[in-house]
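In: Pasting a predicted model and its sequence here:
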Amino acid sequence: MNTLITSIILGLSNFPFFAVIFTLPILAIQLLIFKKLNFVRILMSYGMIAYISCLLALVFFPLPSPEVAATLHSHYIQLIPFHFIADIVKESTFVLSSPRTYVTCLFDDAVLQVVFNVLMTVPFGMFLTYYCGMNKKKVILLTFALTTFIEIGQLTGLFFIYKGSYRFCDVDDLMANTLGGYLGFQLMTFAEKFVPAIDAFDVKSVGHTGHKNHSLQM
């Protein structure tokens, strides 16, 4: 838990830097090309940058110490789908013949890890659906691409910066993360029945409004 909190703090501490880099071009595009502002888009852009910053911090940090890095020489990957079931059976308190263990096992580390991996990409799927207007297929493919990038980074020791893996690459994580993106799509599709489309928040820029008035006076 301490590692989780530390990674989130690290991601948020770097957020202002990345927010300036990526959000200013979005603002410029809205003003110069589309001649309108959408403050909901700007706020969501800020939120997504913060999310990605925290996500990368969670999956790649903390970095190994120099002493640990010197011992890394191998690359580890788990390629058996649904191997997490065996982990849950082995590590959790679940006993099929004892119903009272059904609830308590939900808080075991093996179960929480799967749940966390699913929830981790739900915001990404929601963002792609609402902000970008993507359909289910595109959301699934982009979520799969994002988590593949993460797993390759973990397999290669942060893209070969280190000589071996310091995080475990797992095909089950890839499946769980992709499922999270799909659930985000479904959740946002349901929520869109009750919230306006993002384009409804468009506001014409001052320059664009003035240009229209000038044309009317002509």
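Out: Thanks, I have the structure now.

In: Which parts of the protein belong to which domain?
Out: By the record's domain assignment, the chain is partitioned as 1-62, 66-217 (automatic domain parsing).

In: Those domains: lowest mean pLDDT?
Out: Comparing mean pLDDT across the domains of the chain, the weakest is domain 1-62, with a mean of 74.

In: could you pull out the strands for the protein?
Out: For the chain, the strands identified by DSSP state E occupy 36-37, 77-78, 169-170, 203-204, in order along the chain.

In: Who are the packing partners of the second one?
Out: Read that as strand 77-78. strand 169-170, helix 171-191 (3 or more C-beta pairs under 8 Å, 6 or more residues apart in numbering; DSSP states H and E). In short, each C-beta sits where N, CA and C put it, glycine included.

In: Out of these, which gets nearest to residue 78?
Out: Proximity to residue 78, assessed across the helices and strands packed on strand 77-78 by C-beta to C-beta, is greatest for strand 169-170 (4.3 Å).

In: Which other helices and strands does the closest one contact?
Out: Packed against strand 169-170, as judged by 3+ C-beta pairs under 8 Å, 6+ apart, are the following elements: strand 77-78, helix 136-155.

In: Return the most buried member of these.
Out: Neighbour counts (mean count of other C-beta atoms under 10 Å) averaged over each of the helices and strands packed on strand 169-170 peak at helix 136-155, with a mean of 17.

In: That one versus helix 171-191: what angle between them?
Out: Computed with axes from the mean of the first three to the mean of the last three C-alpha atoms, to 10 degrees, the direction of helix 136-155 lies at 150 degrees from that of helix 171-191.

In: Use 264 as the first number from now on
Out: With the count now opening at 264, the last piece we talked about shows up as helix 399-418.

In: Run through who's touching helix 399-418.
Out: Applying C-beta atoms under 8 Å, 6 or more residues apart in numbering, the set of residues contacting helix 399-418 from outside is 318, 322-323, 338-340, 384, 387-388, 391-392, 397, 422, 428, 430-434, 436-437, 440-441, 443-445, 447-448.

In: No further questions, thank you.
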